[in-house]
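Student: need a structure here:
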Amino acid sequence: MLDPSSDELPPIPGKRYFTIGEVGQLCSVKPHVLRYWEQEFPQLQPVKRRGNRRYYQRHEVELIRTIRKLLYIQGYTISGACNQLKGREPKRAGASGDKAAAQLVDELQEISALLGP
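Tutor: Just a heads-up that it's a prediction; the model follows:
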């Protein structure tokens, strides 16, 4: 396992789901720390399957790397890291979905106008 204070991490493979052990190796964090972070960071919610096995997606691996950087490299506390992540949260899917739907409606109206009555 890499030094926790080091910023050098292996590249994330092009898989869809990662086990807790794989994420631990990719992020240089032990599995018990990942389980603890799930309790402290509401943004971190891996899929749980049969037997309560956790499966992390790529965006969660990237989030864990960000959390690790905030805690181990930049020296934030858990609550400080939570506050930093709240400022970085992407907008809700509904907001971007509404914008995309409105854009689609506009495009369809333009096509309809081109085709005529």
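
Student: residues near I78, how many?
Tutor: Residues contacting I78 under the criterion other CB atoms under 10 Å number 15. Where you see a C-beta, it was placed from the backbone N, CA and C, and this is true even at glycine.

Student: Tell me the spacing between S79 and R16.
Tutor: Going from S79 to R16 by CB to CB, to the nearest Å gives 32 Å.

Student: Residues contacting stretch 62-71, please?
Tutor: Here stretch 62-71 makes contact (CB atoms under 8 Å, 6 or more residues apart in numbering) with 4, 7, 9, 12, 23, 26-29, 34, 37, 41, 43-44, 56, 76-78, 80-81, 84-85, 88.

Student: rerun at 10 Å
Tutor: 4, 7, 9, 12, 18, 23-24, 26-29, 33-34, 37-38, 40-41, 43-46, 56-57, 74, 76-78, 80-85, 88 (CB atoms under 10 Å, 6 or more residues apart in numbering).

Student: Narrow those to those in strands?
Tutor: Among these, the residues falling in strands (DSSP state E) are F18, Y56, Q57.

Student: who wins for neighbours among the residues you listed?
Tutor: Counting neighbours by other CB under 10 Å, Y56 leads the ones in strands among the contacts of stretch 62-71 with 25 neighbours.

Student: how close does the residue lying closest to Y76 once chain neighbours are set aside get to T77?
Tutor: For Y76, ignoring the flanking residues on the chain, the nearest one in space by CB to CB, 6 or more residues apart in numbering is L70 at 4.5 Å. Distance of L70 to T77, given as CB to CB: 9 Å.
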